[in-house]
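J.: dropping the sequence and predicted coords here.
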Amino acid sequence: MNSKTDIVDELLKKCVQCGSCVLLCPIYRATGQETFSPRGKLYYLKLKEAMPEKFDDELAKEFAKTIFTCAFCGRCVESCSSEVDLTEIFRDIRRDSVELFPALEQIEENISEEMNVYGLDNEMRAESWTMELYDDFPDIDDRIYNEGMTADTILFVGCLMSFRSRHTNVLKSTIKILEHLNEDYLILGGEEYCCGHPLDLLGKVEEADKLRAHNTEIFHNSKAKTIITDCPGCLEALREHHKIDPSVRILHFSEYFDEKITDVPKKLNIKLKYHDPCELFRNNKVNEAPRSLMRKMGIEVIEMEPSCCGGGGMLRVTDGKIAQVVMDQRIEKEKLKEEDTCVVTCCPSCLEQFEQSGVTTWDIIEYLVKALELEEE
């Protein structure tokens, strides 16, 4: 079996430096510097390989800055005619430079100590948002997993949605829909550990696998047939890196509800601009389900360029200014503040990135609950 170093070397040799990835890269667009483009990053690597004696500590720090200035949107992979998975290279070599970024080290420490990116008491995963559901669902605590409990479906919430208040309404809407459909489901609460995706982005795969081993044991103990999540990063980690029995289906919310719902009692008859989350449609190939679900709701989808919002790859942590420029350029390109049209998406990170930039944005689930007449307009 080839080592990771061998794999990186093979990928480097495949790259012909054609530059097809450069103009599509949101980081290059934001900085105007080819150093930060995929080709620029690979130039550093090839320099290191060809002339290691020239690659001193200062140059290594410059290189680390470029490697962590990446949203992992995958457009470079998508456009590469040589089929070079640049994100695989970048993820692998990030491991050696995490210590240069104190904020990333803190996240790693938080996950190690408290099993979530915020370093909060992990028992608060469910408590932080279910307390707002008691009026509608007084028995919601019965849906929180304890040893010995089983269910057909596990709702994997993820760190971001568990602890940030903006997403409480998405989760509340999800619970309303699951109850409406009479689904047999459980929330893992404190037994849900970080999916490991943030650690994957830091190249800390072995550390991530320890968390995933715990989650996988809970999934199997619960006898779940399906695991659903709204977070594309969690979806990728569940599908690709957890060693879950192949008979268990792992679906994004949009896929799950698109299968369950064939029609809605109330057509919304609205137009919305849809933002494709990069990790959802590029990495996980979930493209049609969100659109199908919106069509059923009577939403006319206004397509936008399939471009990044700047919210992925830990970019908001390593360089929030560049992440904001990426978002600002997306806003300008799509005329999001000039036209009176809301944005809809299905990723908690993307949703926050748009909203924090002053763009009215909703999750698809927040529209679905209205189309099912489970919530007033």
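T.: Yes, it's here.

J.: what about this structure, any weak spots by pLDDT?
T.: Regions of the chain meeting the criterion pLDDT under 70 cover residues 1-9, 11-12, 376-377.

J.: domains in it, as residue ranges please.
T.: According to automatic domain parsing, the chain comprises the domains 4-100, 103-258, 262-371.

J.: same list (these) but as JSON lines, adding mean neighbour count.
T.: C-beta: built from backbone N, CA, C; applies to glycine. Converted to JSON lines, the domains of the chain look like this (neighbours: other C-beta atoms under 10 Å):
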{"stretch": "domain 4-100", "mean neighbour count": "17"}
{"stretch": "domain 103-258", "mean neighbour count": "19"}
{"stretch": "domain 262-371", "mean neighbour count": "19"}
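
J.: with adjacent residues omitted, what lies nearest to residue 292?
T.: residue 258 (5.0 Å; C-beta to C-beta, 6 or more residues apart in numbering).

J.: from residue 193, how far out is the one you found?
T.: Between residue 258 and residue 193 the distance is 28 Å, computed by C-beta to C-beta, to the nearest Å.

J.: before we move on, what about residue 80?
T.: 34 Å.

J.: list the contacts of stretch 23-43.
T.: 12, 15, 17, 19, 21-22, 62-63, 66-67, 69-71, 73, 75-76, 78-79, 86, 89-90, 307-308, 310, 315, 322, 325-326, 329 (C-beta atoms under 8 Å, 6 or more residues apart in numbering).

J.: quick one, what contacts residue 152?
T.: Applying C-beta under 8 Å, 6+ apart, the residues near residue 152 are 183-185, 224-226.

J.: tell me which of those fall in strands.
T.: Among these, DSSP state E puts 185, 226 in strands.

J.: if we only consider the contacts of residue 152, which is nearest to residue 217?
T.: Residue 217 has its nearest neighbour among the contacts of residue 152 in residue 224, at 11.8 Å by C-beta to C-beta.

J.: so who does the closest one touch?
T.: Counting by C-beta under 8 Å, 6+ apart, residue 224 has contacts 150-154, 186, 248.

J.: in a markdown table, list those residues along with secondary structure.
T.: Formatted as a markdown table, these follow (DSSP: H, G, I helix; E, B strand; the rest coil):
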| residue | secondary structure |
| --- | --- |
| 150 | coil |
| 151 | coil |
| 152 | coil |
| 153 | strand |
| 154 | strand |
| 186 | strand |
| 248 | coil |
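
J.: format the residues you listed as a markdown table; extra columns: distance to residue 359.
T.: Converted to a markdown table, the contacts of residue 224 look like this (distance: C-beta to C-beta, whole Å):
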| residue | distance to residue 359 |
| --- | --- |
| 150 | 41 |
| 151 | 36 |
| 152 | 37 |
| 153 | 32 |
| 154 | 32 |
| 186 | 34 |
| 248 | 36 |
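
J.: returning to what we had before: name the SS class of the residue nearest to residue 292, please.
T.: Residue 258 ends up helix, using three-state DSSP.

J.: helices along the stretch 251-377 of the chain, start to end?
T.: 253-260, 278, 288-296, 315-318, 320-333, 348-355, 364-371 (DSSP state H, counting those that start in this stretch).

J.: next, format those as JSON lines and append distance to residue 118.
T.: Shown next, in JSON lines, are those (distance: least, C-beta to C-beta, whole Å):
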{"stretch": "helix 253-260", "distance to residue 118": "22"}
{"stretch": "helix 278", "distance to residue 118": "23"}
{"stretch": "helix 288-296", "distance to residue 118": "28"}
{"stretch": "helix 315-318", "distance to residue 118": "12"}
{"stretch": "helix 320-333", "distance to residue 118": "17"}
{"stretch": "helix 348-355", "distance to residue 118": "13"}
{"stretch": "helix 364-371", "distance to residue 118": "23"}
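
J.: between the ones you listed, which gets nearest to residue 269?
T.: helix 364-371 (10.2 Å).

J.: show me what the closest one is packed up against.
T.: Packing contacts for helix 364-371, counted by 3 or more C-beta pairs under 8 Å, 6 or more residues apart in numbering; DSSP states H and E, involve helix 168-180, helix 253-260, helix 288-296, strand 343-345.

J.: could you dump these into JSON lines and include distance to residue 244?
T.: Shown next, in JSON lines, are the helices and strands packed on helix 364-371 (distance: least, C-beta to C-beta, whole Å):
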{"stretch": "helix 168-180", "distance to residue 244": "21"}
{"stretch": "helix 253-260", "distance to residue 244": "16"}
{"stretch": "helix 288-296", "distance to residue 244": "20"}
{"stretch": "strand 343-345", "distance to residue 244": "26"}
